[in-house]
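Student: I'll drop the sequence and a predicted model, then ask my questions.
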Amino acid sequence: MKFFSHKTLLATLVLAGASLQMLGCKPKGPQAAISGDAALKTYVAPGKYDEFYDFVSGGFSGQMSVYGLPSGRLLRVIPVFSVDPEKGYGYSEESKAMLNTSNGFIPWDDLHHIALSETDGLHDGRWVFANANNTPRIARVDLKTFRTVEIIEIPNSAGNHSSPFITENSEYVVAGTRFSIPLGDHTDVPISSYKQNFKGTVSFINIDKNSGEMNLAFQILTPGVNFDLARAGKGKSHGWVFFSCYNSEKANTLLEVNASQKDKDFIMAVNWKKAEEYLKAGKGVKKTVKYTHNQYDEKKHSATSTTMNEVLVLDPKDCPDMVYFMPCPKSPHGCDTDPTGEYIVGSGKLAATIPVFSFTKIQKAIADKNFDGTYDDIPVLKYDAVLHGEVQKPGLGPLHTEFDDQGNAYTSFFVSSEIVKWNIKDLKVLDRVPTYYSIGHLSVPGGPTRKPWGKYVIAYNKITKDRYLPTGPELSQSAQLYDISGDKMKLLLDFPTIGEPHYGEAIPAELVMKNSQKIYKIEENAHPAAAKGDNYTRVERKGNEVHVYMTAIRSHFTPDNIEGVKLGETVYFHVTNLEQDWDIPHGFAIKGANNAELLIMPGETQTLKWVPEKAGVFPFYCTDFCSALHQEMQGYIRVSAP
Ligand code: CUK
Ligand code: CUA
């Protein structure tokens, strides 16, 4: 996240110091912010559970991490967009299709944002969604199993940053393109033709109420701007989504001389209920474009990848009253809606104020046609007509805002490295606390919902510097937990994170635990290669392939001595874990195989493909310590010259 060139950054930092002094709050030493009872408030005794799950983006690791709060203990890393040899994700035959895209198998991506599913504007603990920022995709993790069960690619998009923000009843997750591009499949035009040929889209991905299945419902064609973030309306603003965007200059190089010339960029307000009406009326234009839709079947224990060929696109020119622009000071980044749905908070990352828009005023300005001209034929609402007010001199580099249950907002400031608490109604700054260092997103448990749980704010920081023992040039990235239950914010805890923790969402543990699944039932295993008992185990030859149907149970593999494989043949180990006890996975690895391990959950079947390159005898063993006789859980396979 580099918003500034070095020169500008330095200049801004100098400014930041000056302005903080003007505000009468000199930056304090790190000790000043720490709560006196921090240890008590974050101590979760051995054997006790944390109060919240915190689902956190793993940034450029491509994964999602799960922490307990308030302890900050890492509970799990869920592989999402990157291969994970530890769990065999992207290595087992069953999981490979999850990472398939229209560009083929991609083993890595960059995960920025988290969205927990909602019912009636409240977290329901069913799914968590995440975006892939590089090759545009959205993933769905099932909170019963903490597994990625679906990944859908977003066509006509590049740099899927403004995603996967969710509507109040999980009707849709959205995806706004960061880069405008020549639309279609790999259109080759001069970059200098940006203004004529480059466009953007925002996508609405429908979520099935019961199964959670995602489908790309429609896209809206947009001018050639860069979309940054988004939030859905709620309560009175239900039916709308607000997208922040920058580069309204439509520059093809974002050196600041080009991209930050204009005093104001935009927040784009989309009325998706209106869009649904236009779709019904047949206004959607079918565009041919390829994208993949990958699904993991938890009964078949296998993923399939389907290539889709077309998408419905709505053009605002043919659909009046569907899309509006609201001016927002310099390079908007965050765009957040308060719990009532009345207020929309924009954050110009080069601005010195925070504009707060009123949904009621937006509706009135639309009804009165109180426009300030158009932008690419889309009406621009008058800034003063839709503004509730501005928070004056709050800090420098405002990025993101979350909310508590008391009518307060918490905004992160990257440049002045602090969280500022302010009141939504009268826009008064109430408190500020330093972060270590350079906070990006922040999150309050339930902060994006209709009823935040409050209690904490978590800072997701961009720079760690001296916070932990040094670990060479690269330091672990860092999150910080603050108590917000009193008038003053108090620092409680630092905890290291994986990758870059762009954003996270916390949810009370019981909402997730009540649906938690402990095993896969062996009788429900519908994998075609499952061996549901030792009497089903066998070795079969199909042409050049050797299929080993194998079982694993404490503490042996069946079969455990395999001979007759010829060099040049491909071996498939289909391993079924017959255990039906919670927390008894078995692993499977073979010496010298150019692959990872399998980690097979109770009742599950997973397959390791192996092409031996040498003749000989190869040991295999269970990699997950499973019983006193774990070291006895082993076998041999013999490969002979043909
Ligand atoms: S973010 Cu992706 S660059 Cu403010 Cu959501 Cu960090
Ligand atoms: Cu099975 Cu160790």
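Tutor: Noted; the coordinates are in hand. Ligands and ions are numbered 1, 2, ... in the order given.
Student: what pairs with the one helix or strand residue 587 maps to, parallel or antiparallel?
Tutor: Per DSSP states H and E, residue 587 falls inside strand 586-590. In the sheet, strand 586-590 lines up against strand 598-600 (antiparallel), strand 616-621 (antiparallel) (DSSP bridges).
Student: now the shortest one, how far from the chain's geometric center?
Tutor: It refers to strand 598-600. How far strand 598-600 lies from its chain's middle: 25 Å, per C-alpha atoms, centre = their mean, to the nearest Å.
Student: who touches that strand?
Tutor: With contacts defined as C-beta atoms under 8 Å, 6 or more residues apart in numbering, strand 598-600 is touched by 86-88, 91-92, 552, 573, 575-577, 585-589, 606-608, 623-624. For the C-beta atoms, the positions are set from N, CA and C on the backbone; glycine is no exception.
Student: so which of the residues you listed also contact ligand 2?
Tutor: Taking C-beta under 6 Å from any ligand atom as the test, ligand 2 is in contact with 586, 624 out of those.
Student: what about the contacts of strand 598-600, which are in strands?
Tutor: 552, 573, 575, 576, 577, 586, 587, 588, 589, 606, 607, 608 (DSSP state E).
Student: hang on, the earlier thing: average pLDDT for the strand holding residue 587?
Tutor: Confidence for strand 586-590, expressed as mean pLDDT, is 98.
Student: need the strands paired with strand 586-590 in TSV (columns: distance to residue 299 and mean pLDDT).
Tutor: Shown next, in TSV, are the strands paired with strand 586-590 (distance: least, C-beta to C-beta, whole Å; pLDDT from 0 to 100):
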stretch	distance to residue 299	mean pLDDT
strand 598-600	15	98
strand 616-621	27	98
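Student: how about the residues of the stretch 201-350 of the chain near ligand 1?
Tutor: Near ligand 1, when you scan the stretch 201-350 of the chain using C-beta under 6 Å from any ligand atom, you find 229, 333.
Student: closest point of the stretch 201-350 of the chain to ligand 2, which residue?
Tutor: residue 301 (17.9 Å; C-beta to the nearest ligand atom).
Student: show me what contacts that residue?
Tutor: Going by C-beta under 8 Å, 6+ apart, residue 301 touches 94, 520, 525, 526, 527, 530, 604, 605, 606.
Student: related to what we said a few turns ago, only whichever of the contacts of strand 598-600 are buried, select them in ChimeraX.
Tutor: Only the buried entries of the contacts of strand 598-600 go into this ChimeraX selection, using 16 or more other C-beta atoms under 10 Å:
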select :87,88,91,92,552,573,575,576,577,585,586,587,588,589,606,607,608,623,624
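Student: just to revisit the earlier point, grab the nearest non-local neighbour of the residue of the stretch 201-350 of the chain closest to ligand 2.
Tutor: Of all residues not flanking residue 301 in the chain, residue 527 sits nearest, at 4.7 Å (C-beta to C-beta, 6 or more residues apart in numbering).
Student: could I get the phi/psi values of the one you found?
Tutor: phi -70, psi 130 (degrees, to the nearest 10).
Student: I figured it hits residue 297, correct?
Tutor: No: under the criterion of C-beta atoms under 8 Å, residue 527 is not in contact with residue 297, lying 9.1 Å apart.
Student: grab the most central residue of the chain for me.
Tutor: residue 130 (2.7 Å; C-alpha atoms, centre = their mean).
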